[in-house]
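Q: Need coordinates for the following:
(2 chains)
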Amino acid sequence: MSSTHVLTIDDPYRLGHRGPNLARGHGGGGPATKRVIVGYGFWLFLLSDIVIFACLFAAYAVLAQATAGGPTAKQLYELDRVAWETACLLASSFFCGLATIAVAKRNQLLTQLALLATGLTGLAFILLEVSEFTALSRQGYGPTRSAFLTGFFTLVGCHGVHVTAGLLWLGTMMAQFFAKGFRPDIGRRFLCFSMFWHFLDVVWVAIFSLVYLVGTRL
Amino acid sequence: MFGKLGWDAIPFDQPIPLIAGAVVVLLGLGVLVFVIAKGCLPYLWNEWITSVDHKRLGIMYVLLGLLMLVRGFIDAIMMRAQQSVAYHSAGYLPPEHYNQVFSAHGTIMVLFAAMPLVIGLMNFVVPLQLGVRDVAFPTLNSVSFWLTATGALLVNISLLIGEFARTGWLPYPPLSELRYSPGVGVDYYLWAVQIAGVGTLMTGINFVTTILKMRAPGMTYFRMPMFCWTSLASCLLILAAFPVLTATLAMLTLDRYLGFHFFTIEAGGNAMMFMNLIWAWGHPEVYILVLPAFGIYSEVISTFSSKPLFGYRSMVAATLFICIVSFCTWLHHFFTMGAGGDVNAAFGISTSIIAVGTGVKMYNWLFTMYGGRIRFTTPMLWSLGFMTTFITGGLTGVLLAVPPADFLLHNSMFLVAHFHHVIVGGVVFALLAGIEYWWPKAFGYRLEERWGKAAFWCGLVGFYVTFVPMYVVGILGMTRRLQHYDVAEWHSWLQISGVGILILIAGAGCQVTQLVVSYLRRNELRDNTGDPWDGRTLEWATSSPPPVFNFAVLPQVRDAEVYWDVKRRAFEQQRLPQEPDYQPIEMPRNSPTGFVCAFFATLIGFALIWHIWWLMVVGLMGAYATFVVFAWRDVPEYVIPANEVARLDRENRAIRQGVLAGEAPWL
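A: Prediction:
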């Protein structure tokens, strides 16, 4: 017994060694900490969400040429606006990163300011996207025009719905920090929120490259 | 005000659904009145409806699954009856109704009977086998259950209000598009499956996290019981496959509600994309059901052969092999799409290869029994019935995997016979075995054996008499889903199949009788030891039913068969392990979040089906409010004091001491 005890302290992960891994949540180390469990579960959720986006990307790719006599991607996409959208969303993620530092430092004012900046830049992104969608619809190029536009609106719109839901979540996160302070359970929720927010960036990078950049080239 | 909903939604002119619906409503009201009159409502609310205990949720899942199994079985009886009589006649079911019956049968059996039963057993067993106190996210677990129940409720509401889909259990476009299915049937399907699917996805997340991050100290991967391994594989498949279902159904929903063009036949839509996407979920779904079933057989066969599972590591490898390859075979559901010889050949080969994993498992079970002291209890009989049935059913699957053969047998009764052969023989037998096997753990008494064996023999014989004739009519050219026919050669075979369903009804009767008889005789059948079968895994180490915290102290795992090991050592030394140092235990508090979520989900689903937009907004706001209220609670856990833990565990230890002295049923 005592020898295993020594192992736990010295080298719990036992990387590169045979024998049981004695770190908590790994191999034989017993249940992981709550923070690990919550973060891990949320990672799995994000992976499943990525599968949803993968299906929408696949559908878009299948339907991208099916313009049914309507406009093509090249005629519709405006890269200027997309560049601004990207800037807003990446800035939002940066502010979210600052908020993580402020939370780690238990600084209420900085946390609230950083989260507010996260929210405002996120909101700017959504407004830009809405303006793009309404402009397209006004010209008669809404999602019902062709299968290509169906795929486009659904993929980009699904990301937009995620960002909008994220903004609602962000609001409740700010309220929780304000009303309840830096409790461990709220800290874990914020860990999930920040993962969600960065994940939306990753999806956006894929949309930016595979939809907009490729679309304007082809 | 009420969207498309009006009095014409209620089928006053169709006696069968009207009477069936009325009976269900009256039964429901009767149960409700009985519960209120008996004063059980507070008990039900506090102990069950708001419970976040994985054992209680597991039992509720199984109950939901059994209820839906009966519903789906009634649909099956109606179809068999129709086809027995509909030779040169219209039968008794009009085509619109018959089409709803076979669509509802498939949807209910796969998504609302088999899934809740599988997930219910996982819920009850996995945390106990892992030696932990609950799943990773107990409240989320309750939300999952209640969302599944919401889906089941919506499907059954369609019996009385409106109609159900007439498209088959997978709503293939363009038939399921608004132009060809303008009614609410497909919408009922879409929202019921979508809401239940979210619940299932949450379960997948919950159990993967639980199994990978929350095992008892010392339980390395290769010490996990086989049921945990297969549950893990199944939940990984849920994680990867259910989002595909969600996305696909969302696309069809957008087509129907907002005039999008994913799968329409105009404006460039692509209906074959639906087949590809839906089967990218649908094929793994088969393994989501059958892998935990394999886990149940592994536990049952090992226990009742009184031997460790043969080839444990190869079993794990075969499970994970199936888990991965199940994503590489989806195209065999539509070889006739015309993807070309090369593509069809590749998928034909991958389909044949996946049978290898199952073959490995078969040999492992056979060698587990070889040289063992086999006890022919009811769960063991179901397992033996499975082994013979599944091998032949699997072989017809390998036949169908050959593309040229498939061109002849595609969409025929041969196919229907094949997938019932593997799903009934594989999954349903396992679920009945599993319920029988873990029943004493859940309720503290065994099930009566004679009625159980009668149910098994009726089930096995009835199964063959019902489904073997379908192979024959399939080869004779009968396509599936026929409401009537005029081919003389099919008639007598379909009548034999009708006799088969009578035998299955007798089996179901025996099964229900077994439950009733066992309940009435529960004092004779009581098992005080917590270990009625001479078990080998950790769930048998605690009392039956287990205390809310499962284990007074987290067990230390030193061997693949933890409890067997502990038990042998105790018998050798004639004393129990030393009494542990009891500590207070923190447990999650009960929460109505799941039930309230499901309430609003029902409102949202119903509102969307009938286009009652204000109700949808109310439902969404309610759901958000529930989220905020949940986020705002301050005390998520309560503490069970150490002396209470000690008291409960000492009772268990006293009984175990009795077992050492020879007071166990298997000694």
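Q: Contacts only, for the closest residue to chain A within the stretch 301-450 of chain B.
A: Nearest residue of the stretch 301-450 of chain B to chain A, counting by CB to the nearest CB: B:Phe327, 11.2 Å away. Glycine gets a C-beta too; all of them are placed from N, C-alpha and C. The contact partners of B:Phe327, by CB atoms under 8 Å, 6 or more residues apart in numbering or on different chains, come to B:Ala240, B:Ala241, B:Ala280, B:His283, B:Pro284.
Q: Would you check which of the residues you listed are in contact with chain A?
A: B:Ala240 (CB under 8 Å from any CB of the partner chain).
Q: Which of the contacts of B:Phe327 sits closest to chain A?
A: For those, the nearest to chain A is B:Ala240 (6.1 Å; CB to the nearest CB).
Q: how about that closest one, secondary structure?
A: Put simply, B:Ala240 is helix when judged by DSSP: H, G, I helix; E, B strand; the rest coil.
Q: How about B:Glu586?
A: Assignment for B:Glu586 (three-state DSSP): strand.
Q: partner residues bridging it?
A: B:Val639 (DSSP bridges).
Q: What about residue 77, how many residues nearby?
A: In the absence of a named chain, chain A is used. 18 (other CB atoms under 10 Å in any protein chain shown).
Q: The intended chain is chain B.
A: With other CB under 10 Å as criterion, B:Ile77 counts 18.
Q: quick one: contacts for the residue in the stretch 251-400 of chain B positioned nearest to chain A?
A: At 2.9 Å from chain A, B:Gly268 is the closest residue in the stretch 251-400 of chain B, using CB to the nearest CB. Residues near B:Gly268 by CB under 8 Å, 6+ apart: A:Leu63, A:Ala66, A:Thr67, A:Ala68, A:Ser146, A:Ala147, A:Phe148, B:His261.
Q: What's the PyMOL syntax to select whichever of the contacts of B:Phe327 are buried?
A: Of the contacts of B:Phe327, the buried ones go into a single PyMOL selection, burial set by 16 or more other CB atoms under 10 Å in any protein chain shown:
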select buried, chain B and resi 240+241+280+283+284
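Q: so B:Pro555, which of the three states?
A: Once three-state DSSP is applied, B:Pro555 turns out coil.
Q: Let me know the distance separating it from B:Phe549.
A: From B:Pro555 across to B:Phe549, the span is 13 Å (CB to CB, to the nearest Å).
Q: who's more crowded, those two?
A: Comparing B:Pro555 with B:Phe549 by other CB under 10 Å, the one with more neighbours is B:Pro555, at 23 against 20.
Q: For B:Glu586, see how far away the more buried one is.
A: For B:Pro555 relative to B:Glu586 (CB to CB), the value is 18 Å.
Q: neighbours of the residue in chain A that chain B sits nearest to, just the number please.
A: Taking CB to the nearest CB, chain B has its nearest neighbour within chain A at A:Ala66, 2.9 Å off. The tally of other residues near A:Ala66 (other CB under 10 Å) stands at 18.
Q: which residues of chain B score low on pLDDT?
A: Across chain B, the ranges flagged by pLDDT under 70 are B:663-667.
Q: Look through it and report the residue furthest from the middle.
A: B:Gln573 (42.3 Å; CA atoms, centre = their mean).
Q: taking the contacts of B:Phe327 as a set, which two sit the farthest apart in space?
A: Farthest-apart pair in the contacts of B:Phe327 is B:Ala240 and B:His283; separation 11.8 Å (CB to CB).
Q: Using JSON lines, lay out the contacts of B:Gly268 together with distance to B:Leu170.
A: Below are these laid out as JSON lines (distance: CB to CB, whole Å):
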{"residue": "A:Leu63", "distance to B:Leu170": "21"}
{"residue": "A:Ala66", "distance to B:Leu170": "23"}
{"residue": "A:Thr67", "distance to B:Leu170": "29"}
{"residue": "A:Ala68", "distance to B:Leu170": "26"}
{"residue": "A:Ser146", "distance to B:Leu170": "26"}
{"residue": "A:Ala147", "distance to B:Leu170": "21"}
{"residue": "A:Phe148", "distance to B:Leu170": "26"}
{"residue": "B:His261", "distance to B:Leu170": "20"}
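Q: Who are the packing partners of the longest helix along chain A?
A: If you go by DSSP state H, chain A has its longest helix at helix A:147-180. Judged by 3 or more CB pairs under 8 Å, 6 or more residues apart in numbering or on different chains; DSSP states H and E, the packing partners of helix A:147-180 are helix A:34-63, helix A:108-138, helix A:184-207, helix B:226-258, helix B:613-632.
Q: Touching, B:Arg446 and B:Ser518? I think so.
A: Yes: contact status for B:Arg446 versus B:Ser518: in contact at 7.3 Å, counting by CB atoms under 8 Å.
Q: okay, and the common contacts of those two?
A: By CB under 8 Å, 6+ apart, the residues touching both B:Arg446 and B:Ser518 are B:Trp439, B:Leu525.
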